[in-house]
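Enquirer: whatever this is, show me its structure:
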Amino acid sequence: MLRESSQIAGYKIKLSDVTLGLSDETHIPQGKLLIDLAEAMVARDLNAITDTRSKLLQALGNDAVVDAVAVAAAFHGFVRVADATG
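Expert: From the prediction side, this is the model:
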């Protein structure tokens with residue numbers, strides 16, 4: 001999903017950045033903030049979620065924040081389905 005969507009959007013990414021952190025080879029608008037939001041969501045840190053969401057709203061707008069949270073929720077669901085089906 002990430003590889004295809006980034007190619008369609010014209011973003012340059014390095015897939016190892018998913019586990020190793022952002023490198024200079026990955027160019028995603030507000031990528032650091034998006035990672036911060038994902039990490040805050042995984043940690044269930046409401047203060048960090050609220051702070052990062054506010055920064056993203058200012059930087060990218062409401063639609064992008066909704067998309068980011070929806071993608072995070074979808075991946076959370078994928079893991080649950082995979083775990084349940086073995």
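
Enquirer: which strand or helix spans Ala72?
Expert: helix 62-85 (DSSP states H and E).

Enquirer: where does this structure have low pLDDT?
Expert: In the predicted model, the chain carries pLDDT under 70 at residues 1-3.

Enquirer: most centrally placed residue in it?
Expert: Nearest residue to the geometric centre of the chain (Cα atoms, centre = their mean): Leu34, 4.8 Å.

Enquirer: I figured it hits Val18, correct?
Expert: No - contact criterion Cβ atoms under 8 Å: Leu34 and Val18 do not qualify, at 11.7 Å. Backbone N, C-alpha and C define where each C-beta goes, glycine included.

Enquirer: wait, a strand at the residue nearest to the centre of the chain?
Expert: No - looking at Leu34 with DSSP: H, G, I helix; E, B strand; the rest coil, it is helix, so not inside a strand.

Enquirer: so who does it touch?
Expert: Ile28, Leu56, Ala68 (Cβ atoms under 8 Å, 6 or more residues apart in numbering).

Enquirer: now the second one: how far from Tyr11?
Expert: For Leu56, the distance to Tyr11 (Cβ to Cβ, to the nearest Å) stands at 16 Å.
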